[in-house]
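Chemist: mind looking at a prediction? Sequence and model below.
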Amino acid sequence: MDWLEEILIECPQCGESFAIQIETAEEGTVGMIEDCAVCCRPAAVSITVKEGEVTCVTVEAS
Ligand SMILES: [Zn+2]
């Protein structure tokens, strides 16, 4: 079983979408800082995982 899921998030700074990889083995909410692939500015990403699936993603300017 593959516990990595790729999701698209929208950069709060430039509005472009880019993909990040999420580990879905553990349930709960994790926060991380991801640098936008387009403008390189940081975004605070919060991801909720339930039963091996990403159920909620929020992105805020960091
Ligand atoms: Zn960006």
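Modeler: Cool, got the structure. Since the model is a prediction, treat every value here as computed from it, not as a measurement. Residues are numbered from 1 along each chain as shown.
Chemist: helix/strand/coil for Thr58?
Modeler: Following DSSP: H, G, I helix; E, B strand; the rest coil, Thr58 is assigned to strand.
Chemist: burial count for the spatially closest residue to it that is not a sequence neighbour?
Modeler: Leaving aside its chain neighbours, Thr58 sits nearest to Ser46 (4.6 Å; criterion: Cβ to Cβ, 6 or more residues apart in numbering). (Glycine included, C-beta is placed from N, CA and C.) When neighbours are counted by other Cβ atoms under 10 Å, Ser46 registers 13.
Chemist: pretty sure Ser46 contacts Val57?
Modeler: Yes. Between Ser46 and Val57 there is a contact under Cβ atoms under 8 Å: 7.3 Å.
Chemist: state the helix or strand in which the residue nearest to Thr58 lies.
Modeler: Following DSSP states H and E, one finds Ser46 within strand 42-50.
Chemist: so where do the strands sit in this protein?
Modeler: For the chain, the strands defined by DSSP state E cover 4-10, 17-23, 28-35, 42-50, 53-61.
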